[in-house]
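J.: Give the three-dimensional model of this entry:
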Amino acid sequence: MRDLTASQFSACHRLGTASKDRTRPILVRFADHPTKTAVWRKKTALKGTPTVLSEFLTRRRQQLFIEARKRFGITNCWTLDGNIYAKLPDGTRRHIHSEGDLDCAKQPASAAPARESPVTTEKRNKIGSTASTQRSKRTVTKQISGK
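T.: Have a look, this model is predicted:
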């Protein structure tokens, strides 16, 4: 995104200690939510490159996200505004709130209705905002060296 300016960041710094083996992640805090959303939507353009964008989640949510990726696959789980979503084997999308939601794939479809992610609703309604009430303004940019 070429139209980003320094005033759109409220904080930006590297994490960890310097190493010759790999590039350190960069922690970025955006000044406003629309800028973060615009950057987040452009993230798909980075597929196939060594640059990765990921949200800075709380420890509990990060552990829940890692467990969801183990159960449903890396490509079937994502985060949006600090919330965790998974695409289930039957093709539905589910908002993951707790470890109990991770067992939803084992339940019959009639036992618990799947909650749609805001992304699905947004695509259907073609609206630019989501129904999420929690907003994480931190995004971590990580570059992995091509060695």
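J.: mind checking the backbone torsions on the residue nearest to residue 69 when sequence neighbours are not counted?
T.: Leaving aside its chain neighbours, residue 69 sits nearest to residue 77 (4.7 Å; criterion: Cβ to Cβ, 6 or more residues apart in numbering). Any C-beta I mention is one placed from the backbone N, CA and C, and that applies to glycine too. Geometry field for residue 77 lists phi and psi as phi -130, psi 140, criterion degrees, to the nearest 10.
J.: ok, now which ones touch residue 77?
T.: Residues near residue 77 by Cβ atoms under 8 Å, 6 or more residues apart in numbering: 65, 68, 69, 84, 85, 86, 87, 96.
J.: So in terms of bridging, what pairs with it?
T.: residue 86 (DSSP bridges).
J.: What helices and strands are in contact with the longest helix along the chain?
T.: Taking DSSP state H as the criterion, the chain has its longest helix at helix 59-72. Helix 59-72 sits against strand 77-80, strand 83-87, strand 93-96, helix 99-102, with contacts defined as 3 or more Cβ pairs under 8 Å, 6 or more residues apart in numbering; DSSP states H and E.
J.: Model confidence score at residue 27, please.
T.: The model reports residue 27 with a pLDDT of 89.
J.: What helix or strand is it located in?
T.: With elements taken from DSSP states H and E, the one containing residue 27 is strand 26-30.
J.: So what are the sheet partners of that strand and their directions?
T.: When DSSP bridges is applied, strand 26-30 pairs with strand 9-14 (antiparallel), strand 138-143 (antiparallel).
J.: In terms of mean pLDDT, which of those strands ranks lowest?
T.: Looking at those, the weakest mean confidence is strand 138-143, a mean of 50.
J.: Could you find the closest non-adjacent residue to residue 55?
T.: Per Cβ to Cβ, 6+ apart, closest to residue 55 is residue 79, 4.9 Å.
J.: List the residues that contact that neighbour.
T.: 54, 55, 57, 61, 65, 85.
J.: For residue 1, see how far away it is.
T.: 20 Å (Cβ to Cβ, to the nearest Å).
J.: Also residue 97?
T.: As judged by Cβ to Cβ, residue 97 and residue 1 stand 32 Å apart.
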